[in-house]
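# Sequence plus the predicted model coming up.
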There are 2 protein chains.
Amino acid sequence: MRRKSFEDFDCSLAQAADYLGDAWVLLILRNIFNGMRRFDEINSHLEIPTNTLSDRLKTLVGRGILRREPDPVDGRRAEYRLTPKGEGLYPIMIALVQWGECWEGSPAGPRIYLSSRTDGKPLPPVQVRDASGLPLTPRQVVAKPGPATTEHMRKLYGGNW
Amino acid sequence: MRRKSFEDFDCSLAQAADYLGDAWVLLILRNIFNGMRRFDEINSHLEIPTNTLSDRLKTLVGRGILRREPDPVDGRRAEYRLTPKGEGLYPIMIALVQWGECWEGSPAGPRIYLSSRTDGKPLPPVQVRDASGLPLTPRQVVAKPGPATTEHMRKLYGGNW
DNA sequence: CGGTATCCCATTTGATACTG
DNA sequence: CAGTATCAAATGGGATACCG
């Protein structure tokens, strides 16, 4: 059966979970963040069934995370590229890589090094920070309901985060 | 059919995707980050089938993201709490909330306000930053294969991120 | 309360083949 | 190349019942 829709939760995280709570979606996005743009390129690299890939790409386009552009030269080809909304997922993607590397690392050492072009130094872990850049723990963050909150969220965020 | 395993990719993001690429998992983790600890509490709030919840909790415990502690007073009860590995997901959770709020916001205004106890100010968006705190775009980040890299990853990260 | 155990069935996966 | 079409298998979702 299809999973219950999270629409009625009307919660920011539920929305994101609805979009990104799928392993293929995350891997496809990883490949696109890495510069892959064509169907077959992604297909051969991920060994994903073509109909599954087709389905996920359609959904991602439909949700405004990717845009599909026919190649002006060869009309048969299409390119999939990130929209600004899709680019907004960048901190999430990096945080996922860092978490995977930190907690599910290989005994043989790092699988990947991420560094910055600005100074050549390794990327520090993505963190939750306050306005002045201080890292925050969950207990230092307060959540309050906004005008568009729902009963569902109120029950959740009634306590502090 | 069961989804192909991502084990052989041996990639940090694939690992994370394998663990977190599930909508129920993300919502359960959200509730636990918000202080919920008991089975029924989560069950009633999410309206998730009990066997699905049971399955996800077992998997999360098995993967070291949650730990299960029998209540010392009432042995029938159990509490599910985040391990350090689970707490490491905090930046990802916040980034998901912020992305959902930013791009899938309600027309009625914000659903939630996140602020810091340190200064009372709103939380800035979680961002990828360099060692000195400067925000980075994808093009400013370089990925290089480490000693434990795989052919799969090499093909992906051959280009720059 | 805090789950586990069954059950059914629709969806989804993944293989294969095919088309423009 | 870029998908669409078809199909069998089986997983996973959800309902219900049950147990300590």
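In hand now; what should we look at?
# Can you give the domain ranges for chain A?
As assigned by automatic domain parsing, chain A contains the domains A:12-87, A:90-126, A:127-161.
# which one of those domains has the lowest average pLDDT?
Of all the domains of chain A, the minimum mean pLDDT falls on domain A:127-161 (a mean of 89).
# which residue is nearest the centroid of chain A?
Taking C-alpha atoms, centre = their mean as the criterion, A:L89 is the residue nearest the geometric centre of chain A, at 4.5 Å.
# mind checking which helix or strand the residue nearest to A:E104 when sequence neighbours are not counted is in?
Leaving aside its sequence neighbours, A:E104 sits nearest to B:Q15 (C-beta to C-beta, 6 or more residues apart in numbering or on different chains; 4.2 Å). Backbone N, C-alpha and C define where each C-beta goes, glycine included. Of the helices and strands defined by DSSP states H and E, B:Q15 is found in helix B:12-20.
# Do a quick rundown of the strands in chain A.
A:66-70, A:78-82, A:112-116, A:141-145 (DSSP state E).
# Which one of these lies nearest to B:R139?
Closest approach to B:R139 among the strands of chain A (C-beta to C-beta): strand A:112-116, 10.9 Å.
# Please verify my assumption that A:V25 contacts A:Y19.
Yes. With contact defined as C-beta atoms under 8 Å, A:V25 counts as touching A:Y19 (7.3 Å).
# between the two, which one's more packed in?
Taking neighbours as other C-beta atoms under 10 Å in any protein chain shown, A:V25 and A:Y19 compare with A:Y19 leading, 22 against 19.
# Would you mind measuring from the residue nearest to A:E104 to B:G21?
10 Å (C-beta to C-beta, to the nearest Å).
# Over to the residue in chain A that DNA strand C sits nearest to: give its phi and psi.
Per C-beta to the nearest atom of the strand, A:P49 is where chain A lies closest to DNA strand C, at 3.7 Å. When quoted as degrees, to the nearest 10, the phi and psi of A:P49 stand at phi -60, psi 140.
# So which residues of chain A form helices?
A:12-20, A:23-33, A:39-46, A:50-62, A:84-87, A:90-103, A:151-157 (DSSP state H).
# Against which helices or strands is the shortest one packed?
The criterion is 3 or more C-beta pairs under 8 Å, 6 or more residues apart in numbering or on different chains; DSSP states H and E, and there are no helices or strands that helix A:84-87 contacts.
# Distance from it to the middle of the chain?
Centre-to-centre, helix A:84-87 and its host chain are 10 Å apart (C-alpha atoms, centre = their mean, to the nearest Å).
# go on, the third one?
Centroid separation between helix A:39-46 and its chain, computed with C-alpha atoms, centre = their mean, is 19 Å.
# Mind listing what's buried along it?
A:39, A:41-43, A:45-46 (16 or more other C-beta atoms under 10 Å in any protein chain shown).
# now stretch A:47-57
A:48, A:53, A:56-57.
# Might you report the residue contacts of the residue located most distally from the centre of chain A?
Distance to the chain centre peaks in chain A at A:V73, reaching 30.9 Å (criterion: C-alpha atoms, centre = their mean). A:V73 makes no contacts at all, as judged by C-beta atoms under 8 Å, 6 or more residues apart in numbering or on different chains.
# The helix holding B:Q15 packs against which elements?
If contacts are counted by 3+ C-beta pairs under 8 Å, 6+ apart, helix B:12-20 sits against helix A:23-33, helix A:90-103.
# now the angle from that helix to helix A:23-33?
160 degrees (axes from the mean of the first three to the mean of the last three C-alpha atoms, to 10 degrees).
# still on that earlier bit, roughly how far does the residue nearest to A:E104 sit from B:V25?
14 Å.
# what does A:I42 give?
For A:I42 relative to B:V25 (C-beta to C-beta), the value is 24 Å.
# same check, this time on A:W103
In terms of C-beta to C-beta, A:W103 sits 15 Å off from B:V25.
# A:D119 now?
Taking C-beta to C-beta, one finds A:D119 at 36 Å from B:V25.
# again, but for A:L26
12 Å.
# A:R2 too?
For A:R2, the distance to B:V25 - C-beta to C-beta - is 17 Å.
# Write out the residues of chain A neighbouring DNA strand D.
Within chain A, the positions lying close to DNA strand D (C-beta under 7 Å from any atom of the strand) are A:1-4, A:38-41, A:50-51, A:54, A:57-58, A:68, A:71, A:76-78, A:80.
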